[in-house]
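> sequence below, structure please.
(2 chains)
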Amino acid sequence: MVDLTLILKAVVALSVIGVVTSAVLSTAARRFHVEVDPRVERVLDALPGSNCGACGNPSCFAVAEAIVVGDLPANACVAGGQAVADEVSTIMGAVACEVAVVVSARQCGGGDRAARAYEYSGVQSCAASARLAGGPLVCEAGCFGFGDCMRACPFDAIVMDERGLPRIDLVKCTGCGICAKECPRGGAGLLRLVPEDAPVVVRCNAHDKPKDRKAACSACCIACKRCEKDCPEDAIHVIDRLAVVDYEKCTGCGICVEVCPQNCIDLHGRARGSDAADTDGVGKNVPGFTTA
Amino acid sequence: MSTISQLALLFLGAALVNNILLTRFIGLCPFFGVSGNMETSVGMSIAVVFVMTLASTATWVVWTFVLDPLGVGEFLYIPAFILIIASLVQFVEMYLRKASPVLYRAMGIYLPLITTNCAVLATATEAAKPGFFKMNLDLGATLGLGEALVYTLGVSVGFGFALLTFAALRERLEIAPVPRLLKGNPMAFITAGLLSLAYVGVAGWFGL
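Reported below is the predicted structural model:
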């Protein structure tokens, strides 16, 4: 026999609690209403609103609040770039500020040319494979090619190419750096932010001995110093067994790209304004390659 | 035994012997989630002490004056307590935002985050429902409001203590020469296991 009064009591008890708490909450919402600076709303409208988190803050709203209070500068939004910074500084009545635009660059040319330490058949994710004995690659700095960066990119700027390497669409790339954070080897320099007008990129970030490195991957920098010797601007140096470009000095002549015996230095797209503008690096072996 | 020493025993028993994180394994998600650095752990601990105490008071009142007299508590306590705790935290958040922006900012996202955290719900239930929690500690009859509060404070302080210890250990481990394959989460799990062993040892020490 079902006790109907018990059911009734339960319904009444829960409804009473519900009504009382909602009454308290709605009163509190009115009583404790906090006036928000109207500029917060306007700054929020100016921000992209994708809550990408590239700036290191939890949401665009948090950024808007911080900008209005003055905790963050008007150019705090990494993804928005100059356009957003201009708009925000207009709202805040400040002088327009410069934004140093950066884009993401992949520092690995391995892909299917990198040797595998073992055959990985687990979850198709870089983060997962990196946990299994340090990942399936022999090279300790190379790209696994499962595309965690591609899935993480909030701007759809990354595709995986036929070599199993991420290709970054520099028109879409905002330099938010999420791919580098998401990449298990991003912190080590596999994906790195470079200035927007960086003319060349070294496609390797391994620092172990050139001999070991060569056994692990046929596309790596072998620290031969040809680029260092031939660079007319003294802008590229082999530091800690790896070629590193000094973008302050680099003029984009492309000589290093030509002399590199490993084809591991690529021209970088955005700065050239040519038909290569939307691609991430054009190697010597790509049809249509010319040095400026 | 005098009341004072009984309450002290209750407090210590709740904080150390039956530590909610390391002996009973309730609320492990924040234990691993925010213990990466000291700063977030401190914020979390303060918020937990604050919310747990308030939540237990509220659920004790509702249990004693509404659910128990109506005889519906046995099957209604979980939805009722979740409802109460959630709205209580909402209320406190609104109040703090108006009354004390500094405190509001200090607790930050942790306040809404632990709204229906399992540790908070478990403690609030134990404090309110007599006989729900058997701690091998005979306090006589039911837990009055005072005892419920002491018990909750014990649990939440124990939570904070364990969390801060763990966060400190993890910060040290960040710079320790941990084998490459054990870096990060695996090492955290091992550390948590060893830490738990220590807490379980306390229980054995007292012969409980």
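> wait, isn't A:Leu25 in contact with B:Val92?
No - using C-beta atoms under 8 Å, A:Leu25 and B:Val92 do not qualify as a contacting pair, with a distance of 10.9 Å. Placement of C-beta: from N, CA and C, glycine included.
> remind me, longest helix of chain B?
The single longest helix within chain B, with elements called by DSSP state H, is helix B:145-174.
> mind giving me the packing neighbours of it?
helix B:3-12, helix B:28-33, helix B:38-62, helix B:118-128, helix B:185-205 (3 or more C-beta pairs under 8 Å, 6 or more residues apart in numbering or on different chains; DSSP states H and E).
> now with 7 Å, please.
Applying 3 or more C-beta pairs under 7 Å, 6 or more residues apart in numbering or on different chains; DSSP states H and E, one finds that helix B:145-174 contacts helix B:3-12, helix B:38-62, helix B:118-128, helix B:185-205.
> in space, what's closest to A:Tyr120 - neighbours in sequence excluded?
Setting aside the residues directly before and after it, A:Tyr120 is nearest to A:Pro136 in space (C-beta to C-beta, 6 or more residues apart in numbering or on different chains), at 3.9 Å.
> before we move on, what about A:Cys250?
Counting by C-beta to C-beta, 6+ apart, A:Cys250 lies nearest to A:Ala235, which is 4.2 Å off, once chain neighbours are set aside.
> check contacts around that neighbour.
A:245-246, A:249-250 (C-beta atoms under 7 Å, 6 or more residues apart in numbering or on different chains).
> interface residues of chain B facing chain A?
With C-beta under 7 Å from any C-beta of the partner chain as the criterion, chain B comes near chain A at residues B:62, B:66-67, B:70-72, B:76, B:79-80, B:83-84, B:87, B:90-91, B:94-95, B:97-98, B:180-181.
> which of those are buried?
Judged by neighbour count, with 16 or more other C-beta atoms under 10 Å in any protein chain shown as the criterion, the buried members of these are B:62, B:66-67, B:70, B:72, B:76, B:80, B:83-84, B:87, B:90-91, B:94, B:97.
> so for stretch B:43-60, mean pLDDT?
Average pLDDT, stretch B:43-60: 87.
> so what touches it?
Outside stretch B:43-60, the residues that touch it by C-beta under 7 Å, 6+ apart are B:30, B:34, B:81, B:84-85, B:88-89, B:92, B:106-108, B:110-111, B:114, B:120, B:123-125, B:127-128, B:145, B:148-149, B:152-153, B:155-157, B:159-160, B:163-164.
> helices and strands around the worst-scoring helix or strand of chain B on mean pLDDT, which ones?
Of all regular secondary-structure elements in chain B, judged by mean pLDDT, DSSP states H and E, the least confident is helix B:101-107 with a mean of 73. Counting contacts by 3+ C-beta pairs under 7 Å, 6+ apart, helix B:101-107 is packed against helix B:38-62, helix B:73-99.
> contacts for that helix?
If you take C-beta under 7 Å, 6+ apart as the criterion, helix B:101-107 is touched by B:43, B:46-47, B:96-97.
> report the two of the contacts of A:Ala235 separated the most.
The most widely separated members of the contacts of A:Ala235, counting by C-beta to C-beta, are A:Val245 and A:Lys249 (8.6 Å).
> those two - which one has more neighbours?
Neighbours of A:Val245 and A:Lys249, each counted by other C-beta atoms under 10 Å in any protein chain shown, are more numerous for A:Val245; the result is 21 against 11.
> what about the closest residue to the more buried one other than its chain neighbours, distance to A:Ile168?
The shortest distance from A:Val245 to any residue that is not its chain neighbour, by C-beta to C-beta, 6+ apart, is 5.1 Å, and that residue is A:Ile236. When distances are taken as C-beta to C-beta, to the nearest Å, A:Ile236 and A:Ile168 turn out to be 21 Å apart.
> next: A:Ile158.
Using C-beta to C-beta, one obtains 6 Å as the distance from A:Ile158 to A:Ile168.
> tell me the predicted confidence for A:Pro287.
A:Pro287 carries a pLDDT value of 48.
> got the contact list for the most centrally placed residue in chain B?
Centre of chain B computed as the mean C-alpha position; nearest residue by C-alpha atoms, centre = their mean is B:Ser156, 3.9 Å away. B:Ser156 makes contact with B:48-49, B:52-53 under the criterion C-beta under 7 Å, 6+ apart.
> stretch B:19-29: how far from the chain's middle?
From the chain centre to the centre of stretch B:19-29 is a distance of 8 Å (C-alpha atoms, centre = their mean, to the nearest Å).
> export it to PDB, keeping only CA atoms.
What follows is the C-alpha trace of stretch B:19-29 in PDB, where atoms were taken according to Å, rounded to 0.1, in the frame of the first residue of the first chain:
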ATOM      1  CA  ASN B  19      40.500  13.100   7.000                       C
ATOM      2  CA  ILE B  20      37.900  13.500   4.300                       C
ATOM      3  CA  LEU B  21      40.500  13.600   1.500                       C
ATOM      4  CA  LEU B  22      43.100  11.100   2.500                       C
ATOM      5  CA  THR B  23      41.300   8.500   4.600                       C
ATOM      6  CA  ARG B  24      37.800   8.600   3.200                       C
ATOM      7  CA  PHE B  25      38.700   9.700  -0.400                       C
ATOM      8  CA  ILE B  26      35.800  12.100  -0.800                       C
ATOM      9  CA  GLY B  27      36.400  15.300  -2.900                       C
ATOM     10  CA  LEU B  28      39.400  14.100  -4.700                       C
ATOM     11  CA  CYS B  29      38.800  16.100  -7.800                       C
END
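> SS state for A:Lys249?
Classification of A:Lys249 using DSSP: H, G, I helix; E, B strand; the rest coil returns coil.
> again but with A:Val194, I slipped
Reducing the assignment at A:Val194 to three states with three-state DSSP gives strand.
> number of nearby residues for it?
Every residue meeting other C-beta under 10 Å relative to A:Val194 is counted, giving 19.
> same check on the one 4 residues further on?
Other residues near A:Ala198 number 20, with proximity taken as other C-beta under 10 Å.
> report the next helix or strand after the least confident helix or strand of chain B in sequence order.
Sequence-wise, the next helix or strand beyond helix B:101-107 is helix B:110-113, with elements assigned using DSSP states H and E.
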